[in-house]
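S.K.: Output the structure for:
(one chain, ligands or ions: 1)
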Amino acid sequence: MVPGPARSCRTLRFEAIKAATGEDFVARMVKLHKGEQRTPEYLAINPNAQVPALVVDGKPLSQIVAICDYLDRRYPQAGLMPTESWARAQAMSQFLWMNNTVHPTFTHVFMPDRFCDGEATQAEIRRFNAALYRTQLERIQGWIASASPFWLGDRLSFHDAYALTLLRWGGFAGIDPDSLPVYKAYVDRVAQHPAVVAAMAREGIKLSTFKKA
Ligand SMILES: N[C@@H](CCC(=O)N[C@@H](CS)C(=O)NCC(=O)O)C(=O)O
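M.R.: Predicted structure coming up:
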């Protein structure tokens, strides 16, 4: 399996599956800052030149939602998504919004050069999307206000992995996690789960990325 690079807690879902099923995986880091996503070897795995990608029995799969849906169906005993139809649809709706809206907003903050030329315009794209990203984190904070202890209840889910990652990225967007206290308390709780501890240690990342100006 090739879960993608470090820096984003991407191996968390695999650690959760390992804890629940004993199934192991191999993580390979793809260094985006070195352009490794554009090497011929990686493009053969994901022609979109993006991480993450999952390789199962030599066959590649890209897109976070497709990867998680596959993992959930292959390892239902890990309980990473609800099984009841309506609860699953609701959970999928929230998961898709994080993937197709919040994640791309952060991409505009982190890589504005992908969207336009010129430093001034890029700075404006970064500023505008950092403010937008904050409103999106606030919406997630509203969703997890009743999380007990995790997003979907007793068990860790894909949602917890994404929510942790998105708040962590907030620090890179200049968003102080202390200004989202309910969200931060929830992520601090998630970060104590043994699968999360293992994933963060494996990837060598810290929870806090925010630096006061
Ligand atoms: N929709 C994609 C988004 C993946 C994505 O945006 N990946 C970013 C890192 S967070 C990436 O690989 N960027 C590399 C680049 O743009 O060069 C998915 O769900 O997998």
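
S.K.: Report the backbone C-alpha coordinates of stretch 89-100 in CSV.
M.R.: Backbone C-alpha positions of stretch 89-100 (Å, rounded to 0.1, in the frame of the first residue of the first chain) are rendered in CSV as follows:
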residue,chain,number,x,y,z
ALA,A,89,-25.2,8.7,3.6
GLN,A,90,-25.0,11.6,6.1
ALA,A,91,-21.5,10.6,7.1
MET,A,92,-20.5,10.4,3.4
SER,A,93,-22.1,13.9,2.8
GLN,A,94,-19.9,15.4,5.5
PHE,A,95,-16.8,13.5,4.3
LEU,A,96,-17.3,14.6,0.7
TRP,A,97,-17.7,18.3,1.7
MET,A,98,-14.4,18.1,3.6
ASN,A,99,-12.8,16.6,0.5
ASN,A,100,-14.4,18.6,-2.3
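
S.K.: Now tell me what touches that stretch from outside.
M.R.: When contacts are taken as C-beta atoms under 8 Å, 6 or more residues apart in numbering, the neighbours of stretch 89-100 outside the stretch itself are 64-65, 68, 81-82, 140, 143, 152, 157-159, 162-163, 166. For every residue, glycine as well, the C-beta is placed using N, CA and C.

S.K.: For E203, see how far away T11 is.
M.R.: Distance from T11 to E203, counting by C-beta to C-beta, to the nearest Å: 6 Å.

S.K.: Looking at the two, which has the bigger crowd around it?
M.R.: For T11 against E203, the residue with the higher neighbour count under other C-beta atoms under 10 Å is T11, and the figures read 25 against 18.

S.K.: can you list residues touching both of T11 and E203?
M.R.: Taking C-beta under 8 Å, 6+ apart as the contact definition, T11 and E203 share the neighbouring residues A27.

S.K.: Shouldn't S93 be within a helix?
M.R.: Yes. Read with DSSP: H, G, I helix; E, B strand; the rest coil, S93 is one of the residues of a helix.

S.K.: Burial check on it, number of neighbours?
M.R.: 9.

S.K.: Over to the one 5 residues further on?
M.R.: Neighbouring residues of M98 were enumerated by other C-beta under 10 Å; the total is 21.
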